[in-house]
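*Asks:* sequence first, then the predicted structure:
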Amino acid sequence: MNCVRPHWRPLALALAAALSFAGFAAAQNMPLAERIEQCKGCHGEDGNSRLEKIPSLAGQPEFFVMNQLVLMREGVRRVEPMTPFVKELKDPDIFALARHFASLPPKRSDEPVDPVLARRGAEIAAARRCASCHLPTLAGQEQMPRLAGQRIDYLIAAMKSYLDDTRTGADTAMTASIVGLSEADITALAHYAASR
Amino acid sequence: MTDRFSASRLLLLAGIAGFSMLTSSISLAQQPPGMSPIDKSNPAASKQDGNLKPHATPPVATPVEKIPVDKLKLPTGFKAEIWSHGHPGGRTMVQGDKGTVFMGSRIIGRVYAITEKDGKRDVKILLQGLTQPNGLAFRNGSLYVFAINRVLRYDNIESKLDNPGDPVELTKEFNLPPEIHHNWKYAAFGPDGKLYIQVGANCNICEINPGVHGQIRRYNADGSGMEIVARGVRNTVGFDWHPVTKELWFTDNGRDWAGDAGPQDELNRIAKGQEGANYGFPYCHANGIPDPDIKKPNACAGVVMPAALTGPHTAGLGIIFYTGSMFPKTYQNVAFIARRGSWNKSQKTGYDVIVARTNGGSAKLEPFLTGLLDDKKNEFYGRPTYIMQMKDGSLLVSDEQNGATYRISYAGKQ
């Protein structure tokens, strides 16, 4: 989630600012429904993001969402715009949010998928054995996220951050899996995943 | 794909030749010198189930009533009890002079401090937000913390557990390579007073720059005077010194995606005077198996063979030699090895603690702590990762999966 980046759409910017400045983002006893409302601003009404570089959460494996929220709370995975939303979360809040997002039906990103790139991405994915963790459907499992239908721009940004070691808090297996890939390669992988 | 492979080879050659400036005209991700170009495993050739995957480690603690202590089985006379819990992801353990047990972790990024009062343990999060702080060592009142990308020293730590303050930063002094894969650290002071750590191979199987990766190193405690004490070591994250011979013994995790049968993990010894010897990675594995993907003539020539094979994919991590007085004399100076358990194998194996009885340069293995793996269901209930000897001679075994430690004591006949 990058809602406070300057190039972000004004709506998202205003929303994130309103939420964090109002202070209720950090409220400790916020009901689950209110917390989910906060997420919608960036991650989409139905958990399927329509905003640049914001990941869809709908249909993500429950363990994955739980794990990432814990790691963000701990300051291990540092996603600055997420900090005000996660820093006060207690384990039961995190479990409830994870259950919620895992239960939402995933929808494919509305970005155009380039079929040529998607085919090349499929070849790279086979060589890098992406399916052994993310499953042949790319639906993800346990600590490994759903990639199928995810936003292309987010996937590219995520893989870039693995390549330059700026995404901490993941198992290092992900870094090892894509080491040496070019920007063209990860773009192709992103189109492949989005097409699934 | 062809372009990428040949470009990678070129980069590797450039790295070995010592060029530090890599041309940016090749459209590759940034590759520092010594960066291994690519995992060379061949998925088709391994004939393994393509859906094998690393098991998830929960970032939250198992409730105490669900910790599988009742499943643990030990030789007659030994017993296991929960010693501490509520420290998710806790792995490595070192004890301070005043009795504090410090515990490192991987993904959750925490270092815990466990203190004991009136027979009860208090678990505190001492540090958090670090990148895999698995390497801990204690000397002269100071706690050394090795994260993947940082080396920190907390002086006089046991008198400031509530507020450890700013550490002495030793990151520059140790100058560790930046690659993160297989580079969570194990750290320990040797009998020579040097601080030993490893730098793993930053891939599953690939060519590495032997000047940088696949090593065990030793340093002065301030980070100066680095020496390489073992090469060709894929991924050791546990070592200890034999109490009599003072030789270094280390576990080493074998490569993945070359089949369910291995190559097997290793228990190795660095014989006196053989510091700097080659243990074979990436060309030669286990007791002399040439790698199926990275080939060279006479792959095993000059390679030190293991003292014992510790099973395929079993993931031997922590090892300690027992020097306490609580256990029967037959356990004096034997090694205990925690095997975290397999992921890259259809039928699971490991998830236990074994004993290695060493004799010169070889070792015989026997089971010790079992019960965390159900062979029939092919399910595991816990993952032993590290072992520490307590002052009374009992052993602590950390279970990373459940965020707990078990105390193993002996109450049978001596």
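*Replies:* Arrived safely, thanks for sending. Numbers count the residues shown, from 1 in each chain, chains lettered A, B, ... in the order given.
*Asks:* mind splitting chain B into its structural domains?
*Replies:* B:1-33, B:61-410 (automatic domain parsing).
*Asks:* quick one, which of those domains gets closest to chain A.
*Replies:* With CB to the nearest CB as the measure, domain B:61-410 is the member of the domains of chain B nearest chain A (3.4 Å). All C-beta spots, glycine's among them, are computed from the backbone N, C-alpha and C.
*Asks:* show me which residues of stretch B:343-362 are buried.
*Replies:* B:344-345, B:348-356, B:358, B:361 (16 or more other CB atoms under 10 Å in any protein chain shown).
*Asks:* just give me the lowest mean pLDDT stretch among the domains of chain B.
*Replies:* Mean pLDDT values for the domains of chain B show the minimum at domain B:1-33, a mean of 36.
*Asks:* just want the residue of chain A that's nearest chain B.
*Replies:* When scored by CB to the nearest CB, chain A has residue A:75 as its residue closest to chain B, at 3.4 Å.
*Asks:* before we move on, the earlier item: would you point out the most distant pair within the buried residues of stretch B:343-362?
*Replies:* Largest separation among the buried residues of stretch B:343-362 by CB to CB: B:348 and B:361, giving 30.4 Å.
*Asks:* find the centremost residue of chain B, please.
*Replies:* residue B:237 (1.8 Å; CA atoms, centre = their mean).
*Asks:* so who does the residue nearest to the spatial centre of chain A touch?
*Replies:* In chain A, the C-alpha nearest the mean C-alpha coordinate belongs to residue A:55, at 3.7 Å (CA atoms, centre = their mean). Residues in contact with residue A:55 (CB atoms under 8 Å, 6 or more residues apart in numbering or on different chains) are A:1, A:43, A:49, A:150-151, A:154, A:158.
*Asks:* for the domains of chain B, which one sits closest to residue A:68?
*Replies:* Nearest to residue A:68, of all the domains of chain B, is domain B:61-410, at 10.8 Å by CB to CB.
*Asks:* returning to that earlier point: name the SS class of the residue of chain A closest to chain B, please.
*Replies:* Here residue A:75 is recorded as coil under DSSP: H, G, I helix; E, B strand; the rest coil.
*Asks:* what sits against it?
*Replies:* B:109, B:128-129.
*Asks:* checking residue 54 next. Helix, strand or coil?
*Replies:* The chain I'm using is chain A. coil.
*Asks:* my guess is it contacts residue A:151. True?
*Replies:* Yes - using CB atoms under 8 Å, residue A:54 is in contact with residue A:151, at 7.0 Å.
*Asks:* which one's more surrounded, those two?
*Replies:* Neighbour count, other CB atoms under 10 Å in any protein chain shown: between residue A:54 and residue A:151, residue A:151 has more, with 25 against 22.
*Asks:* residue ranges of each domain in chain A, please.
*Replies:* Taken from automatic domain parsing, chain A resolves into A:10-103, A:115-195.
*Asks:* ok so, going back, for the domains of chain B, which one sits closest to residue A:116?
*Replies:* Closest to residue A:116 of these, according to CB to CB: domain B:1-33, at 15.3 Å.
*Asks:* give me the contact list for stretch A:148-155.
*Replies:* Residues from elsewhere that reach stretch A:148-155, judged by CB under 8 Å, 6+ apart: A:49, A:52-56, A:106-109, A:111, A:113, A:137-140, A:147, A:186-187, A:189-191, A:193-194, A:196.
*Asks:* so how far is it off the chain centroid?
*Replies:* 8 Å (CA atoms, centre = their mean, to the nearest Å).
*Asks:* per-residue pLDDT, residue A:166?
*Replies:* So, for residue A:166, pLDDT stands at 85.
*Asks:* near it, how many other residues are there?
*Replies:* Residues lying near residue A:166 (other CB under 10 Å) number 9.
*Asks:* where in chain A is pLDDT low?
*Replies:* By pLDDT under 70, the low-scoring segments of chain A are A:1-28.
*Asks:* sorry, back to before: out of the contacts of stretch A:148-155, which sit inside strands?
*Replies:* Judged by DSSP state E, the subset of these located in strands is empty.
*Asks:* what's the burial count for the closest residue in space to residue B:41 that isn't next to it in sequence?
*Replies:* Nearest non-adjacent residue to residue B:41, counting by CB to CB, 6 or more residues apart in numbering or on different chains: residue B:257, 3.9 Å away. Applying other CB under 10 Å, we find 21 residues neighbouring residue B:257.
*Asks:* residue B:257 in helix, strand or coil?
*Replies:* The three-state label given to residue B:257 by three-state DSSP is coil.
*Asks:* doesn't residue B:344 make contact with it?
*Replies:* Yes - between residue B:257 and residue B:344 a contact is recorded at 6.5 Å, counting by CB under 8 Å.
*Asks:* quick one: common contacting residues for those two?
*Replies:* Common contacts of residue B:257 and residue B:344 (CB under 8 Å, 6+ apart): residue B:48.
*Asks:* give me whichever of the domains of chain A is most buried.
*Replies:* domain A:115-195 (a mean of 20; mean count of other CB atoms under 10 Å in any protein chain shown).
*Asks:* what about that one, start to end distance?
*Replies:* Criterion CA to CA, to the nearest Å; first-to-last residue distance in domain A:115-195 is 8 Å.
*Asks:* tell me how far it lies from the chain's centre.
*Replies:* The chain centre lies 12 Å from the centre of domain A:115-195; the measure is CA atoms, centre = their mean.
*Asks:* and the nearest residue to residue B:141 once chain neighbours are set aside, its phi and psi?
*Replies:* Nearest non-adjacent residue to residue B:141, counting by CB to CB, 6+ apart: residue B:156, 5.1 Å away. Dihedral angles of residue B:156 (phi, psi; degrees, to the nearest 10) stand at phi 50, psi 40.
*Asks:* my guess is residue B:156 contacts residue B:142, does it?
*Replies:* Yes - with contact defined as CB under 8 Å, residue B:156 and residue B:142 form a contacting pair (7.2 Å).
*Asks:* now the contacts of residue A:75 as CSV including distance to chain A, secondary structure and neighbour count?
*Replies:* Below are the contacts of residue A:75 laid out as CSV (distance: CB to the nearest CB, whole Å; DSSP: H, G, I helix; E, B strand; the rest coil; neighbours: other CB atoms under 10 Å in any protein chain shown):
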residue, distance to chain A, secondary structure, neighbour count
B:109, 4, coil, 24
B:128, 5, coil, 16
B:129, 3, coil, 18
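*Asks:* and of those, the nearest to residue A:102?
*Replies:* Using CB to CB, the contacts of residue A:75 come closest to residue A:102 at residue B:109, 24.0 Å.
*Asks:* touching, that closest one and residue B:131? I think so.
*Replies:* Yes - using CB under 8 Å, residue B:109 is in contact with residue B:131, at 6.5 Å.
*Asks:* list residues touching both of these two?
*Replies:* Here residue B:109 and residue B:131 have A:76, A:169, B:147 as joint contacts, going by CB under 8 Å, 6+ apart.
*Asks:* just the helices in chain A please.
*Replies:* Using DSSP state H, the helices of chain A run over residues A:10-21, A:32-43, A:62-73, A:83-86, A:91-103, A:115-127, A:130-134, A:152-163, A:173-178, A:183-195.
*Asks:* nearest to residue B:282, of those helices?
*Replies:* The closest of the helices of chain A to residue B:282 is helix A:173-178. By CB to CB, the value is 13.8 Å.
*Asks:* residues contacting the closest one, please?
*Replies:* By CB under 8 Å, 6+ apart, the residues outside helix A:173-178 that reach it are A:128-130, A:133, A:159, A:162-163, A:165, A:186, A:189, B:39, B:54, B:180-182, B:202-204.
*Asks:* same question for stretch B:186-199.
*Replies:* So stretch B:186-199 is in contact with B:92, B:134-137, B:139, B:144, B:146, B:174, B:176-177, B:183, B:185, B:212-221, B:225, B:227, B:229, B:233, B:235-241, B:246, B:248, B:250, going by CB under 8 Å, 6+ apart.
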